[in-house]
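Q: quick check, what structure comes out for this input:
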Amino acid sequence: RIETSDMHKQFEAMNIGKEPPDDNGKAPRPMKTYAAGALAAAAALARFSLVAGSESIASLSGDAQEKWNDVPCPAGMEVPKVDANSRVLVTGGAGFIGMSLMASLGSRDAKTKPAVVIGIDSFNDYYAPAMKRGRAQRLKTEFGYDVIEADVCNTEVIDKLFEQHRFTHVVHLAAQAGVRYSITHPMTYVHNNYECVVSLLDYVAHKKPQPAYVYASSSSVYGLNKKIPFSELHAIDHPANLYGTSKFGNEQIAAAYHNIHGLKSGGLRFFTVYGPWGRPDMAVSLFTNKIENGETITLFNGGEMWRDFTFVDDIVQGIELSMEYCSDNAAVFNLGNSKPVKLGYFLEQIEKRLGVKAKFKYQASNAEIKETYADVSKAHELLGYQPTTSIESGLDQFMAWYKKLDKRTRDEWAGGRFKAGRRR
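A: As a prediction, this is how the structure comes out:
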């Protein structure tokens, strides 16, 4: 682990999550009746952990997939390859990870570049819509890709897109993100991270043939787990906050849909993703802007925290590999850097690149996890996942992008409703 100097034994915990699709105060769009019923059943299932308990990785043997509690696909069963015949739908397409994935797919060679890549996003104001539109414009200008403005819960829009494009792959990255925001705005997590998940899953499960389905989970599912590093074989039974609970619920719902409809899926537990175009509510962007403007940073729990910062290009590598993974179950993977960094050291690196010292204050928080540390052995063994970006290199790339933005844009993109208090 990368430690800090005595000068900075502090820092704020990171939000970990995916792109939020909708929390604009409007009444949620209605789901189909069968989707609402499935939500109730899946919510009950989510009370129980489907993850194996304390069995050590070293003691496992047999088939590589079975070692990780995945079920090998029967002979003749395959997941479509991502190639020139693929048609990919990315929810949260104007989000940080969604845009990065679409850009990576668009940068492939002629044999592996999908025939169709389309995003969908609600462009809500959880953080600055202008930033999301900037990402969408980049996709349109550089790759000719469209991001449709719509709610993932709107099955009429999803149905029209499927009728037109017959998607082979669905990558569901839209969600309500944020640990601290879940404390003050809990109901938006119920809508976005439960209702909309069931709505989309139910639609995909009834398609013939079923498309490959990959979705964003989070390292927050591990909650107060004391076993380090976090492994997919660890039990999930000590929740720390509603956000992490909702993402674990997504995994349980996916397992229910495999049991009922045979839908194979891959849930990806992202660990503290950062990089160019990153979300402004995450510490990399949030602290950079605050330090630049001389504002005070809030440091939680005395700064005694470590985060497994993972560069966005490494995360995208893992997503693309998972899109071709075949197991006859609802699989989950850790996608992290597997090199936790003391948050004070991280803060020092930002100060060094800005040439400015940070102002800060301390605040306690029971919702924050002290340390995140990904065991990526499963993703490495079964997917070929290999993160390569150091924290220093990743911050260099982030700062190079950030400093190209004019000051007005940097400040505009730093805003959003995530800074507000409880919604009454």
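Q: where exactly do the helices run in the stretch 1-150 of the chain?
A: Assigned by DSSP state H, counting those that start in this stretch, the stretch 1-150 of the chain shows helices spanning 33-45, 64-67, 96-106, 129-143.
Q: helices or strands up against the second one?
A: I take that to be helix 64-67. Counting by 3 or more CB pairs under 8 Å, 6 or more residues apart in numbering; DSSP states H and E, the packing neighbours recorded for helix 64-67 are helix 377-383. All C-beta spots, glycine's among them, are computed from the backbone N, C-alpha and C.
Q: buried residues in the helix it packs on?
A: Applying a neighbour-count criterion of 16 or more other CB atoms under 10 Å, one finds 377-380, 382-383 buried in helix 377-383.
Q: any low-confidence regions in the protein?
A: Within the chain, the segments meeting pLDDT under 70 span 1-62, 367, 420-424.
Q: now do Leu335 against Ala64, distance only.
A: For Leu335, the distance to Ala64 equals 18 Å [CB to CB, to the nearest Å].
Q: ugh, typo on my part, it should be Met187
A: The gap separating Met187 from Ala64 is 42 Å, by CB to CB.
Q: and what of Ile297?
A: From Ile297 to Ala64 the distance is 44 Å (CB to CB).
Q: more crowded one of the two?
A: Per other CB atoms under 10 Å, whichever of Ile297 and Ala64 has more neighbours is Ile297, with 18 against 12.
Q: how about the more buried one, nearest residue that isn't a chain neighbour?
A: Nearest in space to Ile297, with sequence neighbours left out and distances taken as CB to CB, 6 or more residues apart in numbering, is Phe360 at 4.4 Å.
Q: that's a strand at that neighbour, yeah?
A: Yes: assessed with DSSP: H, G, I helix; E, B strand; the rest coil, Phe360 lies in a strand.
Q: what is the burial count for it?
A: 20.
Q: that one against Thr296, yeah?
A: Yes: here Phe360 reaches Thr296: they are 6.3 Å apart, a contact under CB atoms under 8 Å.
Q: centre of the chain to stretch 134-151, how far?
A: In terms of CA atoms, centre = their mean, to the nearest Å, the gap separating the centre of stretch 134-151 from the centre of its chain is 19 Å.
Q: my error: substitute stretch 123-141 in the last question.
A: On CA atoms, centre = their mean, the centre of stretch 123-141 falls 17 Å from that of its chain.
Q: so what touches it?
A: Here stretch 123-141 makes contact (CB atoms under 8 Å, 6 or more residues apart in numbering) with 20-24, 93-96, 99, 102-103, 106, 119, 121, 145-147, 149, 176-178, 181, 277, 279-281, 412-418.
Q: returning to what we had before: distance of the residue nearest to Ile297 relative to Ala331?
A: Taking CB to CB, one finds Phe360 at 40 Å from Ala331.
Q: same check on Ser104?
A: Using CB to CB, Ser104 is found at 21 Å from Ala331.
Q: ok, the two, which is more surrounded?
A: Legend: neighbour count by other CB under 10 Å for Ser104 and Ala331, higher for Ala331 (28 against 17).
Q: what helix or strand does that one sit in?
A: For Ala331, the host element (DSSP states H and E) is strand 330-335.
Q: show me what that strand packs onto, helices and strands only.
A: Judged by 3+ CB pairs under 8 Å, 6+ apart, the packing partners of strand 330-335 are helix 242-261, strand 265-270, helix 312-322, helix 377-383.
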